[in-house]
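Participant: return a 3D structure for these sequence lines:
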Amino acid sequence: MNHRDLCIKASKYLRSQGIVRFNKCTYSVCELERLGECPDAFGWNSGTTQLIEAKASRSDFLSDKKKHWRINPTHGLGGWRSYICPTGVIKESELPEKWGLLYVDDKGKVEVIKEPDKQESNHQAEINLISSILRRNDIKPQMFSYKNYKKKDSIRK
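Facilitator: I've put the predicted structure just below:
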């Protein structure tokens, strides 16, 4: 399983299950290239933001530890964070504090090895990421108004 396959699997997993028990994501994005942290899979709903980093090899996992967002976890995306990798590439004992771990077997089945714990995330970066997605999907800057008022004349009728 290559990196791209793992990213797609992770993004779909966020929508179907979520890495937070009983909290699947309404929206997810896969391999979003942007300024700042570029998540392999990021999802959100009304109550959580979730990040999954895909690691197809040990060297990829080991180099991940050098990233700014791993050295300073409060600067990173996702209130809950997990790694996804082929079975055995990452050991549970090697995980950063509060991170979860998902294994993908040869048949593509995802197994939860460790559930993540909630951690502080960079809310400004998360808002910027979601705004970037809106722009990329041609949702123009605008005011959204959803409350409907009845006209006074219609009340008299």
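Participant: for the nearest residue to Ala54 once chain neighbours are set aside, give me its contacts.
Facilitator: Spatial nearest neighbour of Ala54, excluding adjacent residues (Cβ to Cβ, 6 or more residues apart in numbering): Leu6 at 3.6 Å. No exception for glycine: its C-beta is placed from N, CA and C like everyone else's. The contact partners of Leu6, by Cβ atoms under 8 Å, 6 or more residues apart in numbering, come to Asp40, Ala54, Lys55, Ala56, Ile84, Cys85, Pro86, Val104.
Participant: which of those lies closest to Asp138?
Facilitator: Nearest to Asp138 among the contacts of Leu6: Asp40, at 24.4 Å, using Cβ to Cβ.
Participant: count of residues packed around the closest one?
Facilitator: By the measure other Cβ atoms under 10 Å, the count of residues near Asp40 is 22.
Participant: returning to what we had before: need the contacts of Leu6 in a markdown table with secondary structure, can you?
Facilitator: Listed next are the contacts of Leu6 as a markdown table, based on DSSP: H, G, I helix; E, B strand; the rest coil:
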| residue | secondary structure |
| --- | --- |
| Asp40 | coil |
| Ala54 | strand |
| Lys55 | coil |
| Ala56 | coil |
| Ile84 | strand |
| Cys85 | strand |
| Pro86 | strand |
| Val104 | strand |
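Participant: pull the most distant pair out of these.
Facilitator: Distance extremes for those: the farthest pair is Asp40 and Pro86 at 14.2 Å, using Cβ to Cβ.
Participant: ranges for the helices of the chain?
Facilitator: Under the criterion DSSP state H, the chain contains helices at 3-16, 58-64, 68-71, 123-136, 152-156.
Participant: deepest-packed of those helices, please.
Facilitator: Mean neighbours per residue, mean count of other Cβ atoms under 10 Å, is largest over these for helix 3-16, with a mean of 19.
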